[in-house]
Structures are given as C-alpha cells and as structure tokens.
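>>> Sequence and predicted model, in that order:
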Amino acid sequence: MTAPWPLVPLRKVVGSLSAGVSVNSVNEAVQSDTEIGVLKVSCVSRGRFLPNENKKVVSHEISRVAESPKAGDIIISRANTFDLVGASGYVDQDHPNLFLSDKLWRLRLAQPTHDSPRWLIAFLNSDRMRRDLYRRATGTSGSMKNISKESLLAIEIARPPADVQALLGDVFAHFEALDRTLEELLAAKRTFKRGLMQQLLTGESRFPGSRQNKWRTATVGEIVVSTRRKVPKPRSAFLSAGVRSHGKGVFLKEQFQPEGIALDELFELRARDLVVNITFGWEGALAIVPLAADGALVSHRFPTFEIDETKVLVDYMRHIIRTRRFVFAVGVASPGGAGRNRVLNTQAFFDIPLRLPSLDEQHRIAELLNALDREIDLISAQRKQTDAYKRGLLSRILAGEIVVP
C-alpha cells in the first residue's frame, strides 16, 4: 500500500530556513536567563530540542549572535557525524537568551495554519527521512558530514490534510512526553546510584549490624593475579573484544578478520576476569569480562587478571573499578602525556590501595548496586522499545498500512 497523501518537496512547506553564526564561547552552559548562550549541535536529538546543550558566549561576541529559537520552530543540525547529520528537534517555548551556531538551522513553516510542526518533526525523524539524509550527506571527514540547504529542501515529504497532521502531531507529542519522563527517571536513578556508591563503597553508610566489623586495607596486587592466556592468531574469522572508556564495559566484534590485525599472537579473555586497556585505563577503560565475551581475543594492550574471591568478590570489584576514586588512581598509575602516551604502569597499578569490608558485607553492597543497575537497564530498554514502537507506527502510517480516519 502507499500513503494516501501527496508527496511534495520540503521547500513547499518551509517558509524560512536560516542559520546562526559562529561565535567564541566557553565550555560551560549558561546558568541564568541573563547570560547568552550559543547552542551546540547536540541540542537536537530524536525529535527533541535540548536547550541545556549550549555554551556561554564570551562578552565581546554577544553583539554578533543571531537566530534565537522560538516556540513552533524546528531546529536542524546541518553538520554532524554521519549518524546525526540532519537531526532535528521541536521547540515548544521561546528561548530569547539562546542562539544558533552556524551548524544549526531554524526552520519556520510557510503555512502554520495548515502544516503542523509536530507532524513535520515526526516525519523528519522517520526511518525513511533518516535514510534520505544519509544519502545526501557529503564531506570527506569521517567524523563530520554536511547537508546543503538545497539538498534538504528537495526531499519529498508526505503532506496529510491539516486535521490529520494535527491528530498525528498530538500522538507523537505524547511519545515525546513519555520519552522525556523516562529520560528524567533514568537520570534520577543514575544520580541516586552514584550517591549510594559513594556512601557504600567508602564505608560512610553501613548496613544494620555490620558496623562492628572493621574494614581492612589491601592493594590491587594482593587481590588479583596476572593471567595471560596466549594463543596463536586464528586463521579464520574470530570473536574480538575491546574495552570502552568511562566504565562502559566490554564491546565485541564478531567475525573479526585475522588480516585486520598485524600481530601473530593474541590473548584470550575468560568470564569474570578483570581486563584493562593499558592505553586508556586513565579514562576508566576497565571492566569485568561478561559471559558473552568468554573466549574473545584481545591484543597485548589488554592485560587480564583473575580476582581472588577469598578476598574480594568479583561483583563487588565490578563497582569498585567504576568509582571516580579508583579511576583517578589508575590515572596516577598511567604516567605521560595525553591519549596514547599515557600507558598504565603495572606495578603502580598493583600498588593502588583499597579498603575492603567483609565478604558478607561486600555481597550485600553488590546485590543492592546490581539491583539498581538492573532497574537502569530496564528503563533504558523501555526507552529504546518506545522509540522503536513510535518509529514503526510512523513507518506503517506512511506506507498506508494504518488508515488514519
């Protein structure tokens, strides 16, 4: 089936498409309505406008700012990464102290009494539109792509009658409200967990009946054993792994081709290992190996350690290595300049001190923090499912599979 509405070029519904200007700023958001900020390209995401994504304009540049977002506007990123170029968001209220950068457009409708900006923002974020934007994006840089005004305005969109646009715009506004609620809940859960980690992992807060048990001090070298499982590089595709920075865990690359790495020998991960990226350990690139990564192969830059669970539980250590205090200590143990010049010194890593409660208290702390992690994962999954449902619903409407009365 095909959509029962005519396809028209975007220029037919656009009254104006204007860009901001590039101004000097400091890397901090404005704190009040009296300060002037310039919006970053990250101010638009999945149909939403995020005004907090801004940078404060330096005083001598304030006279140069232009294009302030107003209620009913659609803000579009004309330059971004390949996945995010053309991202857009709907502005639901005026922001007189915020202004667009030269990488953002402000779109205003030609006939606001006929065309609904909420319907248009839903269409702009549809899978069909995103694919069209990917095709039209240009640029030689791998990290930054651009889309021209002419190319954007030439894209064809389905244009329902005004009453249908209003109805569908309201439907997708409800999805946006739900996404906002889930995002706020997710942020609150993460903030709560960070505070609880600080209290529980330092002994500031204790479980009832546990205060009589004193914590002991140990070093990393006392609780882990360096374990390197050297294997020849496979001759066929294999499961490769890496470690993300900022405590975000292990990532996998399935069917990794052996010609993609020049080494002759690799090392095998085992579930429940502690693995460290020695190049970016200072940035929190440490993780406990999950079951899904058991048997994955890594280079020599990812040393592995077995944890002695007679001294510290793996589940407890999983949270310790993500604390700011521990990551800071790993940074101190990684001398040198920035980036790849900061390589972890193994002996200094072994010398990092830890304060440890009894195994029973470790178990109780880990159980509580794991439960919070599961809640956070569930909310994140719900956000993804809600977004997938919204996108699927829009695709079916555009394909004519769902008839809108």
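Now that the structure is in, tell me what you want to look at. Numbers count the residues shown, from 1 in each chain.

>>> What separation do you get for the spatially most central residue of the chain and H60?
Centroid check for the chain by C-alpha atoms, centre = their mean gives K248 as the closest residue, at 10.3 Å. Note on K248: its distance to H60, by C-beta to C-beta, to the nearest Å, is 39 Å. Yep, even glycine has a C-beta here, placed from its N, CA and C like the rest.

>>> hang on, F251 in a helix?
No - looking at F251 with DSSP: H, G, I helix; E, B strand; the rest coil, it is strand, so not inside a helix.

>>> pretty sure it is touching S240, no?
No - F251 is beyond contact range of S240, at 9.5 Å (criterion: C-beta atoms under 8 Å).

>>> Compare those two (neighbour count), which wins?
More neighbours surround S240 than the other of F251 and S240, with 22 against 13 (other C-beta atoms under 10 Å).

>>> quick one: what helix or strand has the more buried one in it?
According to DSSP states H and E, S240 maps onto strand 238-243.

>>> centre of the chain versus stretch 191-211, how much separation?
27 Å (C-alpha atoms, centre = their mean, to the nearest Å).

>>> Go through it and flag the buried ones.
K193, M197, L200, L201, G203, R206 (16 or more other C-beta atoms under 10 Å).

>>> With stretch 242-254 instead?
In stretch 242-254, counting by 16+ other C-beta under 10 Å, buried: G242, V243, R244, G247, G249, V250.

>>> cool, and stretch 34-48?
So stretch 34-48, judged by 16+ other C-beta under 10 Å, has buried residues I36, G37, V38, L39, K40, V41, C43, V44, S45, R46, G47, R48.

>>> One more: stretch 269-287?
Neighbour-count burial for stretch 269-287 flags 269-270, 272-287 (criterion: 16+ other C-beta under 10 Å).

>>> need the contact list for M144.
A79, N80, T81 (C-beta atoms under 8 Å, 6 or more residues apart in numbering).

>>> Which of those fall within helices?
Judged by DSSP state H, helices contain none of the contacts of M144.

>>> show me where this structure has helices.
Using DSSP H, helices in the chain cover 117-124, 127-136, 149-153, 162-200, 220-223, 314-320, 324-332, 346-350, 359-398.

>>> Who are the packing partners of the second one?
Of the remaining helices and strands, those touching helix 127-136 by 3 or more C-beta pairs under 8 Å, 6 or more residues apart in numbering; DSSP states H and E are helix 149-153, helix 359-398.

>>> Kindly export that helix (C-alpha atoms) in PDB.
C-alpha atoms of helix 127-136 as PDB (Å, rounded to 0.1, in the frame of the first residue of the first chain):
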ATOM      1  CA  ASP A 127      13.400   6.000   9.200                       C
ATOM      2  CA  ARG A 128      12.600   6.900   5.600                       C
ATOM      3  CA  MET A 129      13.800  10.500   6.200                       C
ATOM      4  CA  ARG A 130      16.900   9.500   8.000                       C
ATOM      5  CA  ARG A 131      17.900   7.200   5.100                       C
ATOM      6  CA  ASP A 132      17.300  10.000   2.700                       C
ATOM      7  CA  LEU A 133      19.500  12.300   4.800                       C
ATOM      8  CA  TYR A 134      22.300   9.700   4.900                       C
ATOM      9  CA  ARG A 135      22.300   9.500   1.100                       C
ATOM     10  CA  ARG A 136      22.500  13.300   0.800                       C
END
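
>>> got the angle between that helix and helix 117-124?
Between helix 127-136 and helix 117-124, the angle comes out at 60 degrees (axes from the mean of the first three to the mean of the last three C-alpha atoms, to 10 degrees).

>>> Name the residues of helix 127-136 that come out as buried.
By 16+ other C-beta under 10 Å, the buried positions in helix 127-136 come out as R128, M129, R130, D132, L133, R136.

>>> Stretch 8-27 now?
Going by neighbour count (16+ other C-beta under 10 Å), the buried part of stretch 8-27 is L10, V13, V14, L17, A19, G20, V23, S25.

>>> Just the CA atoms of that stretch, as PDB, please.
Extracted in PDB, the C-alpha atoms of stretch 8-27 (Å, rounded to 0.1, in the frame of the first residue of the first chain):
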ATOM      1  CA  VAL A   8       5.700  17.400  -2.000                       C
ATOM      2  CA  PRO A   9       9.300  18.800  -1.800                       C
ATOM      3  CA  LEU A  10      10.100  20.100   1.700                       C
ATOM      4  CA  ARG A  11      10.500  23.600   0.200                       C
ATOM      5  CA  LYS A  12       6.800  23.700  -0.400                       C
ATOM      6  CA  VAL A  13       6.000  23.800   3.300                       C
ATOM      7  CA  VAL A  14       9.100  25.700   4.500                       C
ATOM      8  CA  GLY A  15       8.700  29.500   4.900                       C
ATOM      9  CA  SER A  16      12.300  30.100   6.000                       C
ATOM     10  CA  LEU A  17      15.400  28.100   6.800                       C
ATOM     11  CA  SER A  18      18.100  30.300   8.500                       C
ATOM     12  CA  ALA A  19      21.400  29.500  10.100                       C
ATOM     13  CA  GLY A  20      23.100  31.100  13.100                       C
ATOM     14  CA  VAL A  21      26.700  32.400  13.300                       C
ATOM     15  CA  SER A  22      29.900  31.000  14.700                       C
ATOM     16  CA  VAL A  23      30.900  32.900  17.900                       C
ATOM     17  CA  ASN A  24      33.500  32.400  20.600                       C
ATOM     18  CA  SER A  25      32.300  30.700  23.700                       C
ATOM     19  CA  VAL A  26      33.500  29.000  26.900                       C
ATOM     20  CA  ASN A  27      32.700  25.300  27.500                       C
END
